[in-house]
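S.K.: Test case, fold it:
(chains A and B)
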2 protein chains.
Amino acid sequence: MPWALGAPRILSDKGGELCSLRYDLTVPFARYVAMNGITSMKRYQIGKVHRRDNPSKGRYREFYQCDFDIAGDYKTVAPDSEVVKILTELLDELNIGDYEVAFHIATINHSLFFVLLLLILCRLINFLSQIKLNHRKLLDGMLEICGVPSEKFRTICSSIDKMDKLSFEHIKREMVDEKGLDVETADKIGTFVKQRGRPLELLAELKQEGSKFLENKTSWPALNEMEIMFKFLENAGCIDKVVLDLSLARGLDYYTGVIFEAVFKGATQVGSIAAGGRYDNLIGMFGTKPVPAVGVSLGIERVFTIMEQQLQKDQNQAIRATETQIQVSVLSVDLLPLAFKLASACWNARISAEYMLHKNIMKHISRAIELRIPFMVIVGGNEIEKGVVRLKDVVANKEEEVPLSDSFKALKREEVTLSDFAEEIFARLHSMSS
Amino acid sequence: MPWALGAPRILSDKGGELCSLRYDLTVPFARYVAMNGITSMKRYQIGKVHRRDNPSKGRYREFYQCDFDIAGDYKTVAPDSEVVKILTELLDELNIGDYEVAFHIATINHSLFFVLLLLILCRLINFLSQIKLNHRKLLDGMLEICGVPSEKFRTICSSIDKMDKLSFEHIKREMVDEKGLDVETADKIGTFVKQRGRPLELLAELKQEGSKFLENKTSWPALNEMEIMFKFLENAGCIDKVVLDLSLARGLDYYTGVIFEAVFKGATQVGSIAAGGRYDNLIGMFGTKPVPAVGVSLGIERVFTIMEQQLQKDQNQAIRATETQIQVSVLSVDLLPLAFKLASACWNARISAEYMLHKNIMKHISRAIELRIPFMVIVGGNEIEKGVVRLKDVVANKEEEVPLSDSFKALKREEVTLSDFAEEIFARLHSMSS
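M.R.: Here you go, the predicted model:
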């Protein structure tokens, strides 16, 4: 589900055909389900979406969303729990080392959605995240209890939704002065929306004898639904990431049940990085029968923003623009075929390599330093004469001449086994870095 | 580079702003390089492109291209060779088994472009592919030699380009009757464009004493360039995939040097699956200085079409819609929390699992058969009473009751270590399939 609906882009093309660029992946999914008469479906999707408005810093008019949705009548909150479970898995995996990634990929994967994210996010970062969770009907019941007229539910919700950015005093003034709520009602809302805590504990409080929710017909079923869901999440071992937060109010025109939002609590301020909820009426709007659904959407650009700032802070340097491991440097044009051969040997052995031709060795070295390429293979006239190549550890600024073993000598002939060279390089890299 | 330029989609939005959906990734790349004053850059890109026209079967108005381009003045054909080398790597990797994929991913990768394609294409298929290669200046020289007036170069080239679909007799009639070439000139063209063969061998023929190309100022440098390039490709160990084909004429308005096209020669007819070439003037059109460039574009939908038909032919069945390994089936709603717990245990162990609730066991089994889910974990009232779960091998139609080991018993309590169950499942899967 979209976290903040900007205007969609409506366009007309040369043939006068009206078309629009999708502003999220949920509405196209709902249309797809409805128009194909599907009654049950799970799907993930990664794709670009478009917004017409002028976005604030860190947001874009064209950006990616990564969605997972479950449509179908499951009669229970199992799908809601599964969606939140997957969101916790994603957030957990953001805090991983390179070794683990390689291991995970080699095993059977939960889904491709997951693998793609893993690949994209394979950096070790310290990721502080939390999932705020609430229920639309609990919110509605709360507003009823406080005495808010039903026609003001939506506008009051949008005030409540600012609780993470503004003080309650500020929000109270907005509700009273701008939205015409009386002070007593606003204060009642205040006592409710300040409540946040561990899901099962806070839920137990809300269900305690004397709680106003017990008598409210709207919120009572919501409390029961959430209790079952929290048990599911406990069973799945992911309840620790979840916080029940009565001030979470987002996107109320869409949502019909549980709503949630993943926030990053670190130094980088990007707002929510993922959000979702249950939307039981959307698919029915596009077809003949209602199909309940629940889903989540992750904004990958915001995750990148966090990761980049984290890396910059931790390592005090920018992210490398290339993944090149070896720069093959030759000093004259007649050595270019050899350079290409050496680079090909690296590529065939899955080592990221580039070749470069320049007569000035300093140009080679400064480029490797600038791009933080860790190793260089240098070949000039001297090396050819001596029958060696120079292997340079750029970071340590160490060099050694690699004597022409049989495999290196073979490089001069056409019938060389290129993997010989790659093995040699591998072995050298290994011994140099150890 | 685009393989077949349909009309781009020009649109105007609500604010009257004119915008267009990109019809390829090359032009946006050229703009990016030009407008940022970049003089040297390698980049890969995977993204959607759009065409306004009504596409023929197997083509779409919205589809993906996977591009790799090298911009910059390298003074040699090394970049051209690198692009073709990468294309051969991609085609080679299409013919791979699952084990190898896992291995490759765990090692250092040539580029993410490559990894993504690997992940997408990790199916064992028998992939017959070939790269046809030619040079724009060789073509121009050939047409000069045959006596074609220069203003007819382009239209004659588009006739020649049909050599892979139509007989030369047909093309000759088109050139003579429709395009006003005299019969003698057309016949001369015929003797040239029928030539195709191993790159270095055919090149040697073209350079033999008495060859008309030797005296032609346009084609002579092209022959030399290609000779150097073929040596590079030989060094890189990928010349076997390349065929020099004098009838390849594609996209001549763009290309200024070497051109190539990867074709699939199997039963599935999709035309070219990748194509590219050198385009030295495009970037200069968007900026103040010319930057030579060479690149390739792969059409992933066509590769999918081939893979799907191949799999259907080989296995006589459709591709599975899900990757689910285990269906956790429970027969009553009170067992749903247990089902979710068992599924979570699988997910945590990276086993693709789904849970399902239905009181009729046959519904569970028929769903597993329909979706070709290999294993089921079945729990009903009987199993709970006996303290077992039933593990079913759906393909072999074998069942066994798994006695409640300590770890299974623990599943009833909250404090269970879920990984115990996952280990149990892993072990069972292993022993059942061996």
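
S.K.: Residue A:263: what secondary structure?
M.R.: Under the three-state scheme (DSSP: H, G, I helix; E, B strand; the rest coil), residue A:263 adopts strand.

S.K.: what residue ranges in the stretch 251-400 of chain A score low on pLDDT?
M.R.: A:251-252, A:266-270, A:310-311, A:313-319 (pLDDT under 70).

S.K.: try 50
M.R.: For the stretch 251-400 of chain A, no stretch is flagged by pLDDT under 50.

S.K.: Tell me which stretches of it form strands.
M.R.: Secondary structure of the stretch 251-400 of chain A (DSSP state E, counting those that start in this stretch): strands at A:258-264, A:272-278, A:293-298, A:326-330, A:353-357, A:375-379, A:388-393, A:398-403.

S.K.: Could you list the buried residues of the third one?
M.R.: Judged by neighbour count (16 or more other Cβ atoms under 10 Å in any protein chain shown), strand A:293-298 contains these buried residues: A:293-298. From N, CA and C alone the C-beta is placed, and that goes for glycine too.

S.K.: Next, report how far that strand is displaced from the centre of its chain.
M.R.: 13 Å (Cα atoms, centre = their mean, to the nearest Å).

S.K.: What of the first one?
M.R.: Relative to the chain's own centre, strand A:258-264 is displaced by 13 Å; criterion: Cα atoms, centre = their mean.

S.K.: Now distance to chain B too, for the buried residues of strand A:293-298, in CSV please.
M.R.: Listed next are these as CSV, based on distance: Cβ to the nearest Cβ, whole Å:
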residue, distance to chain B
A:293, 17
A:294, 14
A:295, 17
A:296, 15
A:297, 19
A:298, 17
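
S.K.: what ranges do the strands span in the stretch 51-200 of chain A?
M.R.: A:62-72, A:129-135, A:196-197.

S.K.: Get me the contact residues on the stretch 251-400 of chain A for chain B.
M.R.: Neighbours of chain B within the stretch 251-400 of chain A, by Cβ under 8 Å from any Cβ of the partner chain: A:323, A:325, A:333, A:336-337, A:339-341, A:343-344, A:347-348, A:350-352, A:354-355, A:357.

S.K.: let's go with 7 Å and repeat that
M.R.: A:325, A:333, A:336-337, A:340-341, A:344, A:347, A:350-352, A:355 (Cβ under 7 Å from any Cβ of the partner chain).

S.K.: Look through chain A and report the residue furthest from the middle.
M.R.: residue A:385 (53.0 Å; Cα atoms, centre = their mean).

S.K.: picking that back up, which of the residues of the stretch 251-400 of chain A next to chain B sits closest to residue A:154?
M.R.: The closest of those to residue A:154 turns out to be residue A:352 (Cβ to Cβ; 53.1 Å).

S.K.: The closest one and residue B:189, how far apart?
M.R.: Going from residue A:352 to residue B:189 by Cβ to Cβ, to the nearest Å gives 44 Å.

S.K.: Pick out whichever of those two has more residues nearby.
M.R.: residue B:189 (26 against 18; other Cβ atoms under 10 Å in any protein chain shown).

S.K.: residues touching the residue nearest to residue A:260 when sequence neighbours are not counted, list them.
M.R.: Leaving aside its sequence neighbours, residue A:260 sits nearest to residue A:133 (Cβ to Cβ, 6 or more residues apart in numbering or on different chains; 4.3 Å). The contact partners of residue A:133, by Cβ atoms under 7 Å, 6 or more residues apart in numbering or on different chains, come to A:199, A:242-245, A:248, A:258, A:260.

S.K.: domains of chain A?
M.R.: A:1-127+A:272-319, A:129-265, A:326-433 (automatic domain parsing).

S.K.: Quick one, which of those domains gets closest to residue B:283.
M.R.: domain A:326-433 (20.5 Å).

S.K.: Fine, thanks again, bye for now.
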